[in-house]
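**Q** take this sequence and fold it.
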Amino acid sequence: MRALAFIPARGGSKGLPGKNMKNLLGKPLIQYSIDSAKGSKGIDHIVVSTDSDKIADISRENGVEVLFRPDEFANDESRIIDALNFHYDFLKEFDIVVVLQPTSPLRPDDLIDKCINKFSQGEYSNLVTGYYCTFKEFGSHNNLPRQAIKGFFYDDGSVYVLTPSLIKKNKYFGDKIKKVINERQFTFEIDDEIDFLILEQLIKKYG
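**A** Numbering: from 1, shown residues only. From the prediction side, this is the model:
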């Protein structure tokens, strides 16, 4: 099974301008996902999809291939599935596509390989990492204790495994989803400056 690591990293961001290039404890944010992909035994090739020359330079400096996408697939309204479809002719040569969002930089060393193995062992449409959370809108319950609230699975952005056939259908998930529960300390995503401060402390503690 040939696996492609696909890292979508556009240059812009309303919440935190240039966040994919922003320095996080000595290296650009995107490099954490590149390093995770490089550390995986199951990944055969790594590619970064971007609209930014600077992100392209960082990626190439780390020995990673770069695919450029136009502005219409790299704005605040763009979806990752749109970028995947734009690059379909490239990624269709692989059996699976492992999407690593750079805004979720903290992954256990074995997470990617564990996900690839789990996906290959079952007849799943796709795979996603995340955790069960127990959030409910205030006013929708009468002061229920957290333990009494039925949780829902929230994807954390760390790992998504898809097939080219699913992508060709313009779908980011299918009918048989494999959900992999990630440890809570590895599920934080970066949207703004406060998230950066939180991730700095988590990386110092968990590597």
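
**Q** which residues of this structure fall in helices?
**A** Counting by DSSP state H, the chain has helices at residues 29-38, 53-61, 80-86, 88-91, 111-120, 164-168, 193-206.

**Q** out of those, which gets the lowest mean score?
**A** For these, the bottom mean pLDDT is recorded on helix 193-206, which sits at a mean of 89.

**Q** got a list of contacts for it?
**A** By Cβ atoms under 8 Å, 6 or more residues apart in numbering, the surrounding residues in contact with helix 193-206 are 16, 19, 22, 24-25, 105-106, 185-186, 188-190. Any C-beta I mention is one placed from the backbone N, CA and C, and that applies to glycine too.

**Q** report how many residues lie close to the nearest residue to residue 22 once chain neighbours are set aside.
**A** If you skip the residues right next to it in sequence, residue 22 has residue 29 as its closest partner in space, 5.3 Å away by Cβ to Cβ, 6 or more residues apart in numbering. Applying other Cβ atoms under 10 Å, we find 24 other residues in the vicinity of residue 29.

**Q** report the contact partners of residue 29.
**A** Residues near residue 29 by Cβ under 8 Å, 6+ apart: 19-23, 102-103, 105, 190.

**Q** what's the burial count for residue 195?
**A** Residue 195, neighbours per other Cβ under 10 Å, totals 16.

**Q** meant to ask about residue 138
**A** The criterion is other Cβ under 10 Å. On that basis, residue 138 has 6 neighbouring residues.

**Q** how far away is it from residue 144?
**A** According to Cβ to Cβ, to the nearest Å, residue 138 and residue 144 sit 11 Å apart.

**Q** same question, residue 54
**A** If you measure residue 54 against residue 144 using Cβ to Cβ, the figure is 48 Å.

**Q** out of the contacts of helix 193-206, which comes closest to residue 46?
**A** For residue 46, the closest of the contacts of helix 193-206 turns out to be residue 105, at 15.3 Å, with distances computed as Cβ to Cβ.
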